[in-house]
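**Student:** return a 3D structure for these sequence lines:
(chains A, B and C)
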Amino acid sequence: MGVYERLQEKGITLPEVGKPVAAFVPWVQTGNLIFTSGSIAKRNEQPWTGKLGAEVSLEDGKRAARQIAVDLLAVLQAATGDLRKVRRIVKLLVLVNSDAGFTEQHLVANGASELLAEIFGEEGAHARSAFGVAQIPFGACVEIEMIAEIG
Amino acid sequence: MGVYERLQEKGITLPEVGKPVAAFVPWVQTGNLIFTSGSIAKRNEQPWTGKLGAEVSLEDGKRAARQIAVDLLAVLQAATGDLRKVRRIVKLLVLVNSDAGFTEQHLVANGASELLAEIFGEEGAHARSAFGVAQIPFGACVEIEMIAEIG
Amino acid sequence: MGVYERLQEKGITLPEVGKPVAAFVPWVQTGNLIFTSGSIAKRNEQPWTGKLGAEVSLEDGKRAARQIAVDLLAVLQAATGDLRKVRRIVKLLVLVNSDAGFTEQHLVANGASELLAEIFGEEGAHARSAFGVAQIPFGACVEIEMIAEIG
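**Tutor:** Prediction:
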């Protein structure tokens, strides 16, 4: 079963990739690597705000990370024109808006990592760093950037 | 108009790139990618200190980011010997020393992104992540690292 | 003197690289670059917890960073099968679990940078960013990710 069949099976529709409103772009390709910009958590098309360990529960943080992974798939779709060209998800940097006492950033990040494994299988297994940050633009609860290799 | 003409037009003189004082270097080239070290905000050749949302205003944060972008151009100049070899600014990681309530890291980062667009045009359009960190070496208000592709 | 002789001289034994317990892996190779996952500080095989500027001293933070560098060498050993294939340490991202007033993340990071210089010589000289984060998974005091080039 291919990438698009798995997306369909899970009822996942890739969103439109918005035009960047600033002096940067959603992704850059160099050689066969795609570097994405950091993508922030959204809910109902608005920033999904709050800190883990305070207003946002672990379960919601994980959902937010999963949703960002879908948004990053949409960036890869826009970058490649065909997700089947993705040879490997290389790396995620997962930033979790964290209260000083919250230490489960890795569990939040699993929301994104598991989605990628479900869609890409072994090619979705990536290196990853997750950590707690002091804030994220618009007060979002999670931000993720990705490096992917295309064939 | 070329890169050097645009720098001159804006009255920007690239600074000397200091010798690294520690066990690391200002940049490493691998293949045709240059990875720079994180460069911290400076004013009057001293670290430009303080947190956004507290001692440092948004406008000053943006100025600090712009100044770092100039310093990173100086690193690229030292790395390449000729900025016209820069084919693409690939990515910025923009770290903003942030009070817990400050959520405009993207606007701070625009100070760097806009300078790169002014100097490099379309080749300056980059992927970017910006977020708030708990601190930065020497208490600097902003730190930026860059990936660039050379031809 | 080669890499393995220097490790032996310093009495450094590389640890086993644990199986990843989540939907991600300790490293991914793309082209001749290896991207590692973020590795957290450990002591007695447990997370080495605490914040710099609070419970953890600068000296201990530096020790923790050095220990992580050893763990990252073990990842490179597992990735390459032979550390002599490492052509260059390209970049470190050093995350220091920091109290709001701690501004010596660069000194903590030196613990890792110096170990790499000792083992690899000039090929160990890398680009680097170090900064303070709000938290790290399991409350660890330091987390480091690496990019390395292999020949």
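**Student:** okay, CA-based contacts and neighbour counts for the rest of this
**Tutor:** Will do.
**Student:** and A:Arg6, how many neighbours?
**Tutor:** The local packing of A:Arg6 (other Cα atoms under 10 Å in any protein chain shown) involves 14 other residues.
**Student:** element containing the nearest residue to it once chain neighbours are set aside, please.
**Tutor:** Distances taken as Cα to Cα, 6 or more residues apart in numbering or on different chains place A:Ile119 nearest to A:Arg6, at 5.8 Å, with adjacent residues excluded. Element membership for A:Ile119, per DSSP states H and E: helix A:105-120.
**Student:** just checking, next helix/strand downstream of that helix?
**Tutor:** Moving toward the C-terminus from helix A:105-120, the next element (DSSP H and E) is strand A:127-133.
**Student:** can you list the residues of chain A near chain C?
**Tutor:** For chain A, the residues in contact with chain C (Cα under 8 Å from any Cα of the partner chain) are A:90-91, A:98-106, A:110, A:113-114, A:117, A:125-134, A:149.
**Student:** got the angle for the longest helix anywhere in chain A vs helix A:105-120?
**Tutor:** Counting by DSSP state H, the longest helix found in chain A is helix A:58-80. Here helix A:58-80 runs at 40 degrees with respect to helix A:105-120, directions being taken by axes from the mean of the first three to the mean of the last three Cα atoms, to 10 degrees.
**Student:** what is the burial count for the residue nearest to A:Arg6?
**Tutor:** Residues near A:Ile119, counting by other Cα under 10 Å: 21.
**Student:** same thing with A:Gln46?
**Tutor:** Quick note: A:Gln46 (other Cα under 10 Å) scores 11 neighbours.
**Student:** bridged to it, which residues?
**Tutor:** A:Arg43 (DSSP bridges).
**Student:** hang on, the earlier thing: near chain B, which of the residues of chain A next to chain C show up?
**Tutor:** Among the residues of chain A next to chain C, chain B is touched by A:133-134 when using Cα under 8 Å from any Cα.
**Student:** buried subset of the residues of chain A next to chain C?
**Tutor:** Neighbour-count burial (16 or more other Cα atoms under 10 Å in any protein chain shown) applied to these gives A:90-91, A:98-100, A:102-106, A:110, A:113-114, A:117, A:125-134, A:149.
**Student:** the longest helix of chain A: which residues count as buried?
**Tutor:** Buried residues in helix A:58-80 (16+ other Cα under 10 Å): A:58, A:60-77, A:79-80.
**Student:** A:Val17 and chain C, how far apart?
**Tutor:** 26 Å (Cα to the nearest Cα, to the nearest Å).
**Student:** which SS class is that residue?
**Tutor:** coil (DSSP: H, G, I helix; E, B strand; the rest coil).
**Student:** show me the contacts for it.
**Tutor:** Contacts for A:Val17 (Cα atoms under 8 Å, 6 or more residues apart in numbering or on different chains) come out as A:71, A:74-75, A:78.
**Student:** how does it look with 10 Å?
**Tutor:** A:26, A:71-79 (Cα atoms under 10 Å, 6 or more residues apart in numbering or on different chains).
**Student:** same thing with A:Ala134?
**Tutor:** A:51, A:95-100, B:96-103, B:131-135, C:100, C:132-135.
**Student:** inside strands: which ones of these?
**Tutor:** A:95-97, B:96-97, B:131-133, C:132-133 (DSSP state E).
**Student:** now tabulate those in CSV and tack on pLDDT and distance to C:Glu5.
**Tutor:** Shown next, in CSV, are the ones in strands among the contacts of A:Ala134 (pLDDT from 0 to 100; distance: Cα to Cα, whole Å):
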residue, pLDDT, distance to C:Glu5
A:Leu95, 98, 39
A:Val96, 98, 41
A:Asn97, 98, 43
B:Val96, 98, 42
B:Asn97, 98, 42
B:Phe131, 98, 42
B:Gly132, 98, 42
B:Val133, 98, 39
C:Gly132, 98, 34
C:Val133, 98, 36
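**Student:** and of the contacts of A:Val17, the nearest to chain B?
**Tutor:** Chain B lies nearest to A:Pro26 out of the contacts of A:Val17, by Cα to the nearest Cα, at 5.8 Å.
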